[in-house]
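Chemist: sequence plus the predicted model coming up.
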Amino acid sequence: MRKIIVLLSFVCLLFVSSCGYDSDNSKNLLIIVTTDDPVTQLMSMVLADQSMKKGATVDILLCGSAGSLVIKDSAEVFLKPQNKSPQMMLKNLIRNHVNVKLCPIYLANSEKSVPDLIDGVSIAKPAQVADKLLRDDTKILSY
């Protein structure tokens, strides 16, 4: 199963990199992460980082199991080859001004509250997320 997930992540990377970002392509990227799989979570953060470095405006929305990524002191899984966790990559993206939002339904249905979130994360407003989803110049990736 792990081999399938790694292979799928690699295929996603090849697909996104083959699309490229030229003047005809969108420079706005909304990445929605819901999975609890750390390999997929990390790959979504790697693609967000690479897209940002190529000039895209990146927004990340975390829902479901992925919401735990923004909870202070949540368990981290360090992955090869760089021995990084999804949380490490996410914090780096926040330092680089990527907008990271947490699904309000996640917070409402957990025993956590806003003070439990890492710095730089805010609660998503559904109307604003819908606006971004409906923009013609926004590409959406979901993991």
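Modeler: Yes, it's here. Numbering: from 1, shown residues only.
Chemist: all strands for this protein, in order.
Modeler: Secondary structure of the chain by DSSP state E: the strands cover 28-33, 57-62, 99-102, 121-123, 138-142.
Chemist: now the second one - C-alpha only, CSV.
Modeler: Extracted as CSV, the C-alpha positions of strand 57-62 are listed here (Å, rounded to 0.1, in the frame of the first residue of the first chain):
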residue,chain,number,x,y,z
THR,A,57,-0.2,32.7,-5.1
VAL,A,58,-0.9,29.7,-2.9
ASP,A,59,-3.7,29.2,-0.4
ILE,A,60,-4.0,26.0,1.6
LEU,A,61,-7.3,24.8,3.2
LEU,A,62,-7.0,22.0,5.8
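Chemist: quick one: contacts for the residue nearest to the spatial centre of the chain?
Modeler: By C-alpha atoms, centre = their mean, the chain has its centre lying nearest to I60, at 4.5 Å. Each residue near I60 by C-beta atoms under 8 Å, 6 or more residues apart in numbering is listed here: L30, I31, I32, V33, S44, A48, L90, L93, V98, N99, V100, K101. Using the backbone N, CA and C atoms, a C-beta is placed for each residue, glycine as well.
Chemist: per-residue pLDDT of the second one, please?
Modeler: Which is I31. Note for I31: predicted pLDDT of 98.
Chemist: in the sheet, who's paired with it?
Modeler: I60, L141 (DSSP bridges).
Chemist: wait, what's in contact with it?
Modeler: S44, L47, A48, V58, D59, I60, L61, I140, L141, S142, Y143.
Chemist: one step back: relative to K72, which of the strands of the chain is closest?
Modeler: When the strands of the chain are compared by C-beta to C-beta, strand 121-123 sits nearest K72, at 10.0 Å.
Chemist: the closest one: which residues count as buried?
Modeler: Neighbour counts over strand 121-123 (16 or more other C-beta atoms under 10 Å) mark V121 as buried.
Chemist: that one pairs with which strands, and in what direction?
Modeler: Strand 121-123 has these strand partners (DSSP bridges): strand 99-102 (parallel).
Chemist: if I look at the residue nearest to the centre of the chain, how far off is G120?
Modeler: Noted for I60: a distance of 11 Å to G120, by C-beta to C-beta, to the nearest Å.
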